[in-house]
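# sharing a model that was predicted from the sequence below.
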Amino acid sequence: MSRRIAVPAQKVPALDKRALFEAEGNSLALFNVAGQLYAIDDSCPHQGASLCAGRLEGRVIQCCAHGLRFDLSSGYLLNTTGLKVPNYPVEVVNGQVYVVMAGEGAA
Ligand code: FES
């Protein structure tokens, strides 16, 4: 079961901007790429550097620590499925932005 976490309006990134958002103990990086919102963990799966601070090209974020590049839409390292940053669907309902997170203990 999943749950929707409401993102406060001031945390929703403007067009082509990014923002950090704390959700239930997770630090998430939100990106607005050409009007499309993406949410990923703000922790590189390589060694944990902030991805929100990375270099963005289109919907590809490059970690500023060692340069690995991840597709915001899938979370995967470019050209492989060997490494993935957790990513979350983003929904907009009546102007309210939600990040959809997998539920815990739903086994
Ligand atoms: S910590 Fe991100 S590439 Fe190494």
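Noted; the coordinates are in hand. Numbers count the residues shown, from 1 in each chain.
# leaving out the residues flanking it, which one is nearest to V7?
V97 (4.3 Å; C-beta to C-beta, 6 or more residues apart in numbering). Glycine gets a C-beta too; all of them are placed from N, C-alpha and C.
# per-residue pLDDT, that neighbour?
Note on V97: pLDDT of 98.
# where's it relative to P13, distance?
10 Å (C-beta to C-beta, to the nearest Å).
# now do L28
11 Å.
# next: S43.
Counting by C-beta to C-beta - S43 and P13 are separated by 18 Å.
# correct me, but I61 touches F31?
Yes: look at I61 against F31 with C-beta atoms under 8 Å: they come within range, at 7.2 Å.
# more crowded one of those two?
I61 (26 against 22; other C-beta atoms under 10 Å).
# next up, phi/psi of that one, please.
Main-chain torsions, I61, degrees, to the nearest 10: phi -100, psi 130.
# just the pLDDT for it.
So I61 comes in at 98 (pLDDT).
# show me what contacts the residue nearest to it when sequence neighbours are not counted?
Distances taken as C-beta to C-beta, 6+ apart put G54 closest to I61, at 4.6 Å, once the chain neighbours are dropped. By C-beta atoms under 8 Å, 6 or more residues apart in numbering, the contact set of G54 is 61-64.
# just those residues now: which is nearest the ligand?
Of all these, the ligand sits closest to C63, with 3.2 Å by C-beta to the nearest ligand atom.
# shouldn't the closest one be in contact with L56?
No: under the criterion of C-beta under 8 Å, C63 is not in contact with L56, lying 11.2 Å apart.
# which one of these two has more residues nearby?
Comparing C63 with L56 by other C-beta under 10 Å, the one with more neighbours is C63, at 22 against 16.
# need the contact list for the more buried one.
Contacts of C63 by C-beta under 8 Å, 6+ apart are 44, 46, 49, 51, 54, 69-70.
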